[in-house]
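Colleague: Predicted model and sequence below, questions to follow.
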2 protein chains.
Amino acid sequence: MLTYILDKKKGSPLYLQLYDCIRKDILQGRIEGGERLPSKRSLAEHLGISKISVEAAYAQLLSEGYIISRERSGYFAVSLEQLPEAFEKAEGIEAAKEAASEPGAEDADQAPDASKPGSTIPSAELFPFSVWTRLMRSVILDNPDMILERVPAGGQPELKRAIASQIYRERGMKISPEQIIIGAGNEYFYSLLVQYLGRDRTFAIENPLHRKIDRIYSLSGAGLAAIEMDEQGMRVDGLEESGASVAHITPSHHYPTGIVMPITRRREILRWLSEDPDRYLIEDEYDSEFSSAGRPVPSMQSLDSSGRVIFMNSFSKTISPAFRISYMVLPYGLLSSWQERMGFYSCAVPSFDQLTLARFISDGYYERHLRRMKKHYRQLRQELAEELQSPEFEGKLELRQSDSGLHFLLGFKGGRDCSGEALRTGLKRCGLELPLLSDYYVGKIPAHADRFCIVQYSDISPAALLQGLRLFFDL
Amino acid sequence: MLTYILDKKKGSPLYLQLYDCIRKDILQGRIEGGERLPSKRSLAEHLGISKISVEAAYAQLLSEGYIISRERSGYFAVSLEQLPEAFEKAEGIEAAKEAASEPGAEDADQAPDASKPGSTIPSAELFPFSVWTRLMRSVILDNPDMILERVPAGGQPELKRAIASQIYRERGMKISPEQIIIGAGNEYFYSLLVQYLGRDRTFAIENPLHRKIDRIYSLSGAGLAAIEMDEQGMRVDGLEESGASVAHITPSHHYPTGIVMPITRRREILRWLSEDPDRYLIEDEYDSEFSSAGRPVPSMQSLDSSGRVIFMNSFSKTISPAFRISYMVLPYGLLSSWQERMGFYSCAVPSFDQLTLARFISDGYYERHLRRMKKHYRQLRQELAEELQSPEFEGKLELRQSDSGLHFLLGFKGGRDCSGEALRTGLKRCGLELPLLSDYYVGKIPAHADRFCIVQYSDISPAALLQGLRLFFDL
């Protein structure tokens, strides 16, 4: 049995320490390729830690490609030549080969890099256009009829299967393809969920929040209760007092605060859920792929035993916001009533896009792309954080939640000019259009929220940000 | 000035007679290519007919490609080599050339014809896959960034411009691209319209109707009034009595009855609209491209002077139901309030599909495809109608509304077995799953509705239909 000394008092969480130990052992050959890892339960007992910590460590190793899982047999280390490290090296060669074999079509890959080095959309430089074009062509050649036939309600089975196995590999979530509903973006689902659950209910939302959420719920006619957050996420006392029967939360990475809900709070909210059979939880992920870097927390859907968590995620952040594909995972108990009441809706996503994405995922390109994106954003984040914490900005700026996700909070220290509308217009004059944290509150706004901006660093050029800030501070 | 003898008492309407005369003159060279046609007003006065008749004739000539329109200069005959007849001949050669030049990619065009001759999706055989693939590739090569950037609210400007000029050519509707909102299917718009207009209103819907319409409105929380129809469409007295402030109608080709609303009824409904500034009309087209064959009636949007007609149409029928792109045309007066209240929604259609469709339209492929589809469906309809009206089925079947659109009504004459559930199960036993007209009524069902089936001949193989019917009647 693997034996590691893990330290609860250390800065990093137990599962991260475990993940690090196992990863090193695999990299250094102490755990051989193909070797079976101990079961989660036995390893947890052996190390004297919780099964959840082991689960989280395994999920992270899985998502990063160090181990694989085989149904009903457990987890196995991958061989040295299949390790992510080896893979990343080889990728350069592979891409070049691909480009050479189909010259006409594969040029696309080169175009963006060469012509637009300063694009503010990093994904346009990272996205494997050549692969995508090739997959599109093969979808057309293989299924001309399928592309034109009516889309099955809820989405193309091929895509549902691909997503089910992808979220298992990535998050360890065990779901069946039939639980998946494909839709045109998470916001598309919000309206549908009000129609399905009923607008006589009160929906509890996080405060602050992405303002699209409350706008869509309120346009859809649902009652709303904006619940205060603390440093762990939505407050459970607030949720209980609100009388809401639906809670909509973004536990994996809250926008705009960047809070990742710890497992304790997740369990508290699930307890609230289980107390009344008429309560529902909407678990809304939107950039969990990036938030989980090094800190995997199990999804609420997989922790839940009530069968009333509706999970949703989208490909907007991992592929592109212009690519309107999201999915919802319904609990088994809701499948038949969903089918009965909502099954008449046409699937809002073109078949062609669904089938291409299905291949992109099942042929392994999606995971590769994700790894590349994660690496890119991690670098970008670290570089930006270093610059913003350099002596140049000392006493002027404060960084929060800059260790994960696709955005962080940038606090301004100083007088009147560093707060509220003065801050906004001052930044605008310096070429920076940044939203304030206070823009995201419903009702009362805490004092500090007027001094923080949201930096969506996936959408902004670091050079432009730094230049604007220097101008703002007269540096 | 062109002079023709038109006869009001003749079977065909005046504008159709005029269209025939002008078309013949162009084909036989009596009107030369490039020659300017008289203005609508002056021709109407000259011939002693209404301006609307001339408008309709010109619109039909325009939509079929016999004349073109130049902004602020009027209508001109096209030259002989640009006539649809010449075009259709040349098309065969062009397609062959295309296929030869890019062998790998263009094979797709051949595949469906060869491998699936009996496909029930005629569009799969007619759809120009090779062209589509080529356009997709060029979209990727030209705009890699654009595909991944956030879609502009309301849709890609390129597609809006293409649609605006397409509906002008096809229907003579003069609208500006900024009036267009792109969405993922007409049903997607129904919910948005309830959110925008408000669910405190009563929406008047046609009865019978496509049951998705009332289901979505009612799930969205709007009040509903199902208004009886007569042979001209929604009854105006019923509409007035309902107290509804929004009327949702499908004037160009009603499903399931197939009724095309004549201009007199259109004007009556527009009068209802103009009587109260808080009334709105939703003009929902879904297969107008096929219904207008030989009978163009101006859209209500273009007849309206109140500025409160919201027009919508989709590409589901002309391209494919799996291709979820629709558009809505908002009157100018609603643009700013729409932007303010609904502009925060992301456009639900992937950019890539929008940009490809934009080129498909603006490069002329869409019109060509439409012509091919129209011809195909016209033939299919005529052949089926002949078979069903042959002596074999005499006294057994009655055809209604089989002169246009993509479906018709098939009435069964006979005893108990030819009505209601007995009819449905009897047909099912013979391999025919056809909906009954009575399925589409809200509330009271007229007696005859149980004896009529809807034949969506775009979705069924004629051979299977005839075989099933012979079996049903023991022929």
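Modeller: The structure has been received and is ready for your questions.
Colleague: buried set for the helix or strand containing A:Lys375?
Modeller: Assessed by DSSP states H and E, A:Lys375 sits inside helix A:365-388. By neighbour count with 16 or more other C-beta atoms under 10 Å in any protein chain shown, helix A:365-388 contains the buried residues A:365-374, A:377, A:380-381, A:384, A:388. (Each C-beta comes from the backbone N, C-alpha and C, glycine too.)
Colleague: Stretch A:304-314 too?
Modeller: Going by neighbour count (16+ other C-beta under 10 Å), the buried part of stretch A:304-314 is A:304, A:306, A:308-314.
Colleague: rewinding a little: does at least one residue of the helix holding A:Lys375 sit close to chain B?
Modeller: No - with C-beta under 8 Å from any C-beta of the partner chain as the measure, helix A:365-388 is seen stopping short of chain B, the closest distance being 11.8 Å.
Colleague: returning to that earlier point: could you dump the buried residues of stretch A:304-314 into CSV with secondary structure, distance to A:Ala449 and pLDDT added?
Modeller: Formatted as CSV, the buried residues of stretch A:304-314 follow (DSSP: H, G, I helix; E, B strand; the rest coil; distance: C-beta to C-beta, whole Å; pLDDT from 0 to 100):
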residue, secondary structure, distance to A:Ala449, pLDDT
A:Asp304, coil, 32, 94
A:Ser306, coil, 34, 95
A:Arg308, coil, 32, 97
A:Val309, strand, 30, 97
A:Ile310, strand, 30, 98
A:Phe311, strand, 29, 97
A:Met312, strand, 27, 96
A:Asn313, strand, 28, 94
A:Ser314, strand, 27, 91
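Colleague: among the residues you listed, which two are most distant?
Modeller: A:Ser306 and A:Ser314 (24.4 Å; C-beta to C-beta).
Colleague: Is chain B within reach of stretch A:406-417?
Modeller: No - between stretch A:406-417 and chain B, judged by C-beta under 8 Å from any C-beta, nothing touches; the nearest distance is 13.5 Å.
Colleague: so where is chain A shaky, pLDDT-wise?
Modeller: A:11, A:63-64, A:81-125, A:291-296, A:402-403 (pLDDT under 70).
Colleague: In terms of residue numbering, what are the domains of it?
Modeller: A:14-110, A:124-367, A:375-472 (automatic domain parsing).
Colleague: What is the neighbour count of A:Gly155?
Modeller: 24 (other C-beta atoms under 10 Å in any protein chain shown).
Colleague: residue ranges for the helices of the stretch 351-475 of chain A, please.
Modeller: Taking DSSP state H, counting those that start in this stretch as the criterion, the stretch 351-475 of chain A carries its helices at A:351-362, A:365-388, A:420-429, A:462-472.
Colleague: Same list, those, but as a markdown table with distance to B:Leu43 please.
Modeller: Shown next, in a markdown table, are these (distance: least, C-beta to C-beta, whole Å):
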| stretch | distance to B:Leu43 |
| --- | --- |
| helix A:351-362 | 45 |
| helix A:365-388 | 60 |
| helix A:420-429 | 57 |
| helix A:462-472 | 60 |
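Colleague: and A:His407, backbone torsions?
Modeller: A:His407 adopts backbone torsions of phi -150, psi 160, taken as degrees, to the nearest 10.
Colleague: Can you give me the distance of A:Arg267 to A:Tyr19?
Modeller: 21 Å (C-beta to C-beta, to the nearest Å).
Colleague: Between these two, which is the more surrounded one?
Modeller: Between A:Arg267 and A:Tyr19, counted using other C-beta under 10 Å, A:Tyr19 has the larger neighbour count: 25 against 13.
Colleague: Which residue, neighbours along the chain excluded, lies closest to that one?
Modeller: A:Ala57 (4.1 Å; C-beta to C-beta, 6 or more residues apart in numbering or on different chains).
Colleague: now that neighbour: how far from A:Glu367?
Modeller: From A:Ala57 to A:Glu367 the distance is 19 Å (C-beta to C-beta).
Colleague: coming back round to it: which of the buried residues of stretch A:304-314 sits closest to chain B?
Modeller: Minimum distance to chain B across those is 10.3 Å, recorded for A:Ser314 (C-beta to the nearest C-beta).
Colleague: and A:Ser336, what helix or strand is that in?
Modeller: helix A:332-342.
Colleague: Which elements pack onto that helix?
Modeller: helix A:186-197 (3 or more C-beta pairs under 8 Å, 6 or more residues apart in numbering or on different chains; DSSP states H and E).
Colleague: quick one: contacts of the helix it packs on?
Modeller: Contact with helix A:186-197 is made by A:181, A:183, A:203, A:212-213, A:216-217, A:219-222, A:246, A:280, A:282, A:284, A:286, A:310, A:312-314, A:316, A:324, A:326, A:328, A:338, A:341-342, A:345, A:348, B:184, B:188, B:191, B:195, B:219-220, B:345-346, B:348, as judged by C-beta atoms under 8 Å, 6 or more residues apart in numbering or on different chains.
Colleague: again, only using 6 Å
Modeller: A:183, A:212, A:216, A:220, A:222, A:246, A:312, A:314, A:326, A:328, A:342, B:191, B:219, B:348 (C-beta atoms under 6 Å, 6 or more residues apart in numbering or on different chains).
Colleague: try stretch A:413-420
Modeller: Contacts for stretch A:413-420 (C-beta under 6 Å, 6+ apart): A:396, A:412, A:422, A:426, A:450-451.
Colleague: Give me the buried subset of these.
Modeller: A:396, A:412, A:426, A:450-451.
Colleague: what about A:Gln60, distance to A:Thr356?
Modeller: 29 Å.
Colleague: follow-up on the earlier one: just list the residues touching the residue nearest to A:Tyr19, thanks.
Modeller: A:15, A:18-19.
Colleague: How about A:Leu270?
Modeller: A:Leu270 touches A:Asp304, counting by C-beta under 6 Å, 6+ apart.
Colleague: What segments of chain A are strands?
Modeller: A:67-70, A:74-77, A:180-183, A:202-207, A:223-230, A:233-234, A:246-249, A:280-284, A:309-314, A:326-329, A:397-400, A:408-412, A:452-455 (DSSP state E).
Colleague: mind listing what the residue most central in space within chain A touches?
Modeller: In chain A, the C-alpha nearest the mean C-alpha coordinate belongs to A:Ser288, at 1.9 Å (C-alpha atoms, centre = their mean). Residues counted as contacts of A:Ser288 (C-beta under 6 Å, 6+ apart) are A:Ser252.
Colleague: That one and A:Ala59: what is the separation?
Modeller: 12 Å.
Colleague: now do A:Leu270
Modeller: Counting by C-beta to C-beta, the gap from A:Leu270 to A:Ala59 is 18 Å.
Colleague: try A:Gly426
Modeller: Distance of A:Gly426 to A:Ala59, given as C-beta to C-beta: 44 Å.
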